[in-house]
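J.: what would the 3D arrangement of this be:
(2 chains)
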Amino acid sequence: MDGYSGKNRESIKIFIYRFLQRLFLEPDEEFINFLLQKSEALKEIGIELDDGIDLETLQTEYTRLFLGPAEHLPPYESVFLERRFWGTPTNDIQDFIRSMGLELKKDFNMPPDHVSIEFEILEKILSSKDPEINAQYMDFLKEHIVWIFDFLTRLIPKTDLKFYQTAFAFSKVFLKAEMSCGSLAVEERWR
Amino acid sequence: MNTSFTRRDFIKISALFSALGSSGKLFGEAFSPSGAKVYNVPGKERKVIPSACWQCVSRDAIICRIEDGRLVKIEGNPKSIRNRGKICSKGQAGINQVYDPDRILYPMKRMGKRGEGKWKKISWDEALEELTGRLAKLRNEGHPEKFMFHYGRMKGSDSKIVKNFLTAYGTKTIGNHTSICEGGKWTGQELTWGKHYDVWDFENTNLIVNFGSNFLEAHTSHIQAAQRATNALAKGVKMYTFDVRLSNTAAKSTEWLPIKPGTDMAVMLAMANVIMKKKMYDREFIDRWTNVSVSELKKHLKSYTPKWAEKISGIPAKKIEKIAVEFAQAKPAVLVTYRGAVAHYNGIQTERAKFMLEAICGYLNTKGGTNQAVGAKWKYPKVKGHPKKLKIIDGFPGTTAYPTHHVSHQVLKMIKDGSYGRPDIYMTYCYNPAYVNGECTENIAILKDESLIPYLVAVDAFMSETTALADLILPDVTYLERWSWDDMASFAMIPEFYLRQPVVEPLGEARQFQDVVCVIANRLGLDIGYDSTVDFIKKSCELSKVDFATLKKEGVWHDSAAKPRYHNHRKEIPPAKYEGDSILFDEKTGVYWNWKKAKVKSAEEARKAGYTNTKNAYKGYVGQRIGGKVYLGFKPDKLNKSGLIEISSDFLKKKNFSAIPAWMEIPEHKKLGRKQLILTTYKVNVQTHSRTANNMWLTELYHENPALINSKTAKKLGIKNGDLVKIISNVGEIVTPTKVVEGINPGVVAVSFHLGHWEYGEFASGKKASSGHVCVTDCKFVWWDTYGKNPNWIIPNKPDPIGGQQRWMDTVVKIEKV
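T.: Residues are numbered from 1 along each chain as shown, chains lettered A, B, ... in the order given. Coordinates of the predicted model:
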């Protein structure tokens, strides 16, 4: 795990979290353009694009996976753990956001325990200039990464798109590395 | 595939994403700085927001406790004079509606075949562009009536806003669902005492006689009725319940009388016979307020002896006589009916027999008796117009004499038939015809057929069995994210104005449909006079002189000086109100009426046609002359009846039914074979008809509805408790487990409503929308795996011949062990 040390380690993680945030939000023009432009580089790190993939394909798959209305996997911690929107994890996340001196933008009309928001919190913890906030990284990870890891395990077999399969697998590998770094034996427990 | 990162990987990732990191705006930015770090303090403050329930049509006043943006508790609003701080289990489980992960949160467009389950999320803008394009086309072609709007649950301001829009658009092809509820009861009342809805003054009564109502468990005014009846019982008031099944209401009664299905009227007629024969009637009330005489009644009722009724109903003659005497002596008593008595071939005359019996004793519109409902009379912005309609909402011509609440369960059959036109756009709003009507197989086939229904739009918060077949889904908010004013009947006999307001922000892109119609109206260039639901409500408050701020703060408002409105009919009408150019006196009926209000062209024309024969003359009703005075009387609605209680109905005579309620045998029940039973349906206390089965708390309590049969019947058929049986009718069959009980009439098999969904969500159908939760493999919450059976697969869609009520309780079935 040499690549995981070194001085640019934190910034690499920030970039990965930014990518993960975007991965779990609705795909838009910019996102597909990015993927298409960087397809070779993505392939290098194991994320493959399907032949002829376009925005519509990506959006349709995203809807099917995360928005329904047929069988889908809402990407919310509270739905995953308590089978409801606005469960206890939602309030925990809300409290955490406040403790960082942040608040959710008013136009975000979903509960704050969306997986993208949790990734964004991790990114904000790492990129903060406040050492008190930086110190929270491992605690937040321990608290919330467990469900995400299990969620990804459930998610991978549900998608037929190579892009999502490989991107979710990439996410898992990254999170696993983060967890082992923090001595978290989570994968075994949840698999 | 990689299972871990190598140093090389990290260098690549660094190269790939660091370049992108600077582009910034590619990534979702959900946060903005708040200015300060705020740490969680234990024991957060709970905000209280008053609102109104809408798990069922009772619509009780509630208060909702919100902790940091999350709804955590729903309670009854103690300031309400109707539900007085109480709500039922369904009301408390409302939290399960708003936070149900199986909700539909985005507009969806069908992708594959109809019903295939393939959807594309589209924006509201795209959805409305598509819909308004189609609506504009129909309207421009001169056929706005080909837009059919069919609602299941729509009351108060929700209804007014949508109906205003439909008027402005030009369609009156509007379907409802009253005929599968209790439409027959209302038609029976309109033919007899006028405006519908009867309120039972339990707390001031001396005796309760109940025919086929399970009001301690489920009712249109459930909590209002149940708490008042319970108080009466606690005081020692007796209650007799006639029911084919031992409901919890029957169980709480002084005595349960296991009557044969559809024979309630026979017992009522016999009770009336006893009271007339024993001269225990209220002659003054009969002479003054009804249109029959004591001698006419005696003559009519003579043959309906308790012995005669015993043969038909199975209730011992002595028992009928005893209850009749107690009823007449009670002064006052209330007589309760509901679907058990009314959802039959003879239901409307049964309802009329109830009123006859109460009128004979003078128990109508009196303290402790049955009263005309009192509800908030909101004034609101109205849109005028001359909308057109397809003649498909009142059933097939000639099948229903007076469909005053329409025949909704025949709509799909009429669309299939096609002789009376078909809608090009069929929009359902909180309405699930595939599941809630009888003959599910046919309903599904019609809804799936694009040649019969070219464009199906569903407005719904959940994936119902009908929504699953839609071409376009518009996600509605739940009632806890909704604005409406409301007006439910008040058992306090004082009108209560109340408000439903969002207790949490709407989730996702769910939008209140009333706001959506304002946008559609705007896109179509229709002027409706308000631009949002809140705007409409504020304008209604101004017009009604109700303070909006007070309603928002308290949830409810009533005039503190108001007294309970008993004896409404005795109100004298001053001469100024019945004299003048626009008023005519109708000699035949004794009615004063305003021909202008009835929209007749001239006084001459009105005089010539007379009150009874003028279309919608009842709208101009002013009062009833009795002796030398004019009284408000029993005001008509929907039919041009007089201001008297019309125990004898010319309307019915004209259509060859008995003018005075007379025994009508149910044709299918005349000759039952040895193995034939009558299927009955019912409701339990923890579910609503079709809209709560995905509420986890409720479905944990009730997720099985085995067929109930009597132990004698079971023995005869060789069925043991728990055996799987096939229940067969002439429209289909279902397989279900049985529960052998004593508390049911031996000739009956009972299957409750509520369950057996094949869509709607995980708890309702096993068909998960949100499959991502831990329960999938590691279930902490769901210990049951049954979804029950919907009896509608085997119940035919048949209207009663007078009002068009769906005949829920008449189906003849055979049972076979599987």
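
J.: which SS state does residue B:585 fall under?
T.: With DSSP: H, G, I helix; E, B strand; the rest coil as the basis, residue B:585 sits in strand.

J.: show the pLDDT at it.
T.: Here, the pLDDT recorded for residue B:585 equals 97.

J.: where do the strands sit along chain A?
T.: A:102-104 (DSSP state E).

J.: so what's whatever residue of the stretch 401-550 of chain B ends up closest to chain A up against?
T.: The stretch 401-550 of chain B approaches chain A most closely through residue B:463 (5.1 Å), counting by C-beta to the nearest C-beta. Every C-beta, even on glycine, is put in place using the N, C-alpha and C of the backbone. By C-beta atoms under 8 Å, 6 or more residues apart in numbering or on different chains, the contact set of residue B:463 is A:68-70, B:102, B:104, B:759-761, B:769.

J.: for residue B:626, grab phi and psi.
T.: Dihedral pair for residue B:626: phi -130, psi 120, per degrees, to the nearest 10.

J.: partners of it in the sheet?
T.: Taking DSSP bridges as the rule, residue B:626 bridges to residue B:629.

J.: just checking, next helix/strand downstream of the one helix or strand residue B:241 maps to?
T.: Following DSSP states H and E, one finds residue B:241 within strand B:238-243. Next in sequence after strand B:238-243, counting helices and strands by DSSP H and E, comes helix B:248-251.

J.: I'd like to know which elements that next one is packed against.
T.: Counting by 3 or more C-beta pairs under 8 Å, 6 or more residues apart in numbering or on different chains; DSSP states H and E, the packing neighbours recorded for helix B:248-251 are strand B:238-243.

J.: what residues does the strand it packs on touch?
T.: So strand B:238-243 is in contact with B:207-212, B:214, B:229, B:232-233, B:247, B:249-250, B:252-259, B:264, B:267, B:315, B:323, B:326, B:340-341, going by C-beta under 8 Å, 6+ apart.

J.: and these, which of them are in helices?
T.: B:229, B:232-233, B:249-250, B:264, B:267, B:323, B:326, B:340-341 (DSSP state H).

J.: what's around residue 76, how many residues?
T.: All of this refers to chain A. 31 (other C-beta atoms under 10 Å in any protein chain shown).

J.: the chain in question should be chain B.
T.: Residue B:76 has 22 nearby residues by other C-beta under 10 Å.

J.: pretty sure residue B:813 belongs to a strand, no?
T.: Yes: looking at residue B:813 with three-state DSSP, it is inside a strand.

J.: give me the nearest residue to residue B:132, chain neighbours excluded.
T.: residue B:523 (4.6 Å; C-beta to C-beta, 6 or more residues apart in numbering or on different chains).

J.: quick one: buried residues of the host helix or strand of the one you found?
T.: Element membership for residue B:523, per DSSP H and E: helix B:513-524. Buried residues in helix B:513-524, counting neighbours by 16 or more other C-beta atoms under 10 Å in any protein chain shown, are found at B:513-521.

J.: which of these sits closest to residue B:599?
T.: residue B:521 (25.6 Å; C-beta to C-beta).

J.: contacts only, for that closest one.
T.: Contact analysis of residue B:521 by C-beta under 8 Å, 6+ apart lists B:165, B:168-169, B:527-528.

J.: just confirm the residue nearest to residue B:132 contacts residue B:133, I think it does.
T.: No: counting by C-beta atoms under 8 Å, residue B:523 sits too far from residue B:133 to count as a contact (9.3 Å).

J.: so how many other residues sit close to residue 86?
T.: Chain wasn't specified; assuming chain A. Using other C-beta under 10 Å, residue A:86 has 26 neighbouring residues.

J.: that's the other chain; I wanted chain B
T.: Neighbours of residue B:86 (other C-beta under 10 Å): 17.
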